[in-house]
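Student: Predicted model and sequence below, questions to follow.
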Amino acid sequence: MDRWREADEDARANIRTSLITHAIRYHLVTRFTSLVAVEEVVANVGGESRTVPVPTELPAGMELEKVFGAPATGTADAFLEMLGLILLLFGLVLGIALEQLSRKAEVAA
């Protein structure tokens, strides 16, 4: 690789070819080559795919639906929605009250 970096454009092609040849022969990763894993043993001779049940990693007595499904109890969503509505109404009432107070102050002045 050092010779390739230092060479001029004409010599680089020959050096590159030599690098690729040696890299393939000795199973090296270079700037021009990489390694690909190839399985040499055929595990599925017939080529048919099949579905197989795989056991879960849950502790004994646990049920998948109860662990990963929707919660059996309610969440805080309903509470937070109600709190938001109450605060919104409180803000509206407060805004109206402040508007009326400012009008009274203008009339008194």
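Tutor: Received the coordinates, thanks. Numbers count the residues shown, from 1 in each chain.
Student: In terms of residue numbering, what are the domains of the protein?
Tutor: Structural domains annotated on the chain: 1-36, 74-109, as defined by automatic domain parsing.
Student: what's downstream of the lowest-mean-pLDDT helix or strand in the chain, the next helix or strand?
Tutor: Within the chain, confidence by mean pLDDT, DSSP states H and E is lowest for helix 64-68 among all helices and strands, at a mean of 71. Later in the chain than helix 64-68, the nearest helix or strand by DSSP states H and E is helix 77-108.
Student: Off-centre distance for that next one?
Tutor: 42 Å (CA atoms, centre = their mean, to the nearest Å).
Student: And for stretch 42-56?
Tutor: Distance, centroid of stretch 42-56 to centroid of chain: 28 Å (CA atoms, centre = their mean).
Student: Next, count neighbours for Y26.
Tutor: 7 (other CB atoms under 10 Å). C-beta: built from backbone N, CA, C; applies to glycine.
Student: Same question for L88.
Tutor: Neighbours around L88, by other CB under 10 Å: 10.
Student: Also T17?
Tutor: 11.
Student: how deep is T30 tucked in, by neighbour count?
Tutor: 14.
Student: and the residue positioned nearest the centre of the chain, how far is that from L58?
Tutor: Geometric centre of the chain, nearest residue: F68, 19.1 Å, by CA atoms, centre = their mean. Distance from F68 to L58, counting by CB to CB, to the nearest Å: 9 Å.
Student: again, but for G84
Tutor: From G84 to L58 the distance is 37 Å (CB to CB).
Student: measure H27 to I15 for me?
Tutor: H27 is 20 Å from I15, by CB to CB.
Student: Those two - which one has more neighbours?
Tutor: Of the pair H27 and I15, I15 is the one with more neighbours under other CB under 10 Å, namely 16 against 8.
Student: which residues touch the more buried one?
Tutor: Contact analysis of I15 by CB atoms under 8 Å, 6 or more residues apart in numbering lists 3-4, 7.
Student: any chance of those in TSV, plus neighbour count?
Tutor: Output for the contacts of I15, formatted as TSV (neighbours: other CB atoms under 10 Å):
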residue	neighbour count
R3	11
W4	17
A7	14
